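Take this sequence and fold it.
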Amino acid sequence: MSRSVLVTGGNRGIGLAIARAFADNGDKVAVTFRTGEPPEELTKLGVLPVRCDITDAEQVDTAYKTIEEQHGAVEVLVANAGVTRDQLLLRMSEEDFTSVLDTNLTGTFRVVKRASRGMLRARKGRIVLISSVVGLKGSPGQANYAASKAGLVGFARSLAHELGSRNITVNVVAPGFVDTAMTQVLGGERKEEILKNIPAGRYAQPEEVAASVRFLASDDAAYITGAVIPVDGGLGMGH
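Numbering: from 1, shown residues only. Okay, the predicted model is just below:
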């Protein structure tokens, strides 16, 4: 049965792959994007693009109203939107730190809280938060990003307790290094250094992350909640 699915930050990279996976499954998919124009592929897939900055609660509410009018209440939420502002701690400004947390962690709070209204009324729902291996094992120069992504785990597990009795699951997917535009700009030496630490010996493809997300949103995962699923080729095992 076709469901109303929202993927935040779904206009590129991992988010686009997730949106594509749900659209291919026959779901009614909406994506939020903050800047630029959504790729033409979204239109071809029948995906609804909605401009929204998740650091603005009013924009979040407006985006949901648009989606609800066209697709109905959101039944599956994938909170994927995120930013980085990497810098070593002594050079990191307070704005560098707070802006990353406002998007990655507080922004997720905003979209999850808004989605939970309809899910609680319907007594069903699937929430998947996109974290990172960095949130589990840390990374130099990414204290802000790691803190925001680690925070998603505690947030998800608290909500799993709150919402579980209403047939709403809340899970986390923690990708490692994924073959996207963000990683393609890395230099050759840096890429080799990263690959040495990945037991699988390669980067993930965005579609591999999307497959895990789609599974967690499926009926087959109805008894999985509060889980952190690594899609990292073994990079973060033990964390």
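
separation between the closest residue to A73 other than its chain neighbours and E189?
Distance criterion C-beta to C-beta, 6 or more residues apart in numbering; nearest residue to A73, sequence neighbours excluded, is G118 at 3.2 Å. Yep, even glycine has a C-beta here, placed from its N, CA and C like the rest. Per C-beta to C-beta, to the nearest Å, G118 is found 48 Å from E189.

coming back round to it: now do the contacts for the residue nearest to A73.
By C-beta atoms under 8 Å, 6 or more residues apart in numbering, the residues touching G118 are 68, 73-75, 125.

Which ones among the residues you listed lie within strands?
G125 (DSSP state E).

how many other residues sit next to N80?
Neighbourhood size, N80 [other C-beta atoms under 10 Å]: 27.

wait, it sits on N11?
No. The criterion here is C-beta atoms under 8 Å, and N80 misses it with N11 at 10.2 Å.

What is the burial count for Y145?
Neighbour number of Y145 under other C-beta under 10 Å is 23.

can I assume it is in contact with L101?
No. At 9.2 Å, Y145 and L101 do not qualify as touching, with contact defined as C-beta under 8 Å.

Mutual contacts of those two, please.
The overlap between the contact sets of Y145 and L101 (C-beta under 8 Å, 6+ apart) is empty.

For this structure, give me the ranges with low pLDDT.
The model of the chain has pLDDT under 70 over residues 182, 184-187, 238-239.

Tell me where it has strands.
Using DSSP E, strands in the chain cover 4-8, 28-33, 48-51, 76-79, 125-130, 168-175, 228-231.

Switch those strands over to a markdown table; also include mean neighbour count and distance to R114.
Output for those, formatted as a markdown table (neighbours: other C-beta atoms under 10 Å; distance: least, C-beta to C-beta, whole Å):
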| stretch | mean neighbour count | distance to R114 |
| --- | --- | --- |
| strand 4-8 | 28 | 10 |
| strand 28-33 | 27 | 11 |
| strand 48-51 | 19 | 13 |
| strand 76-79 | 28 | 9 |
| strand 125-130 | 26 | 11 |
| strand 168-175 | 25 | 14 |
| strand 228-231 | 20 | 23 |
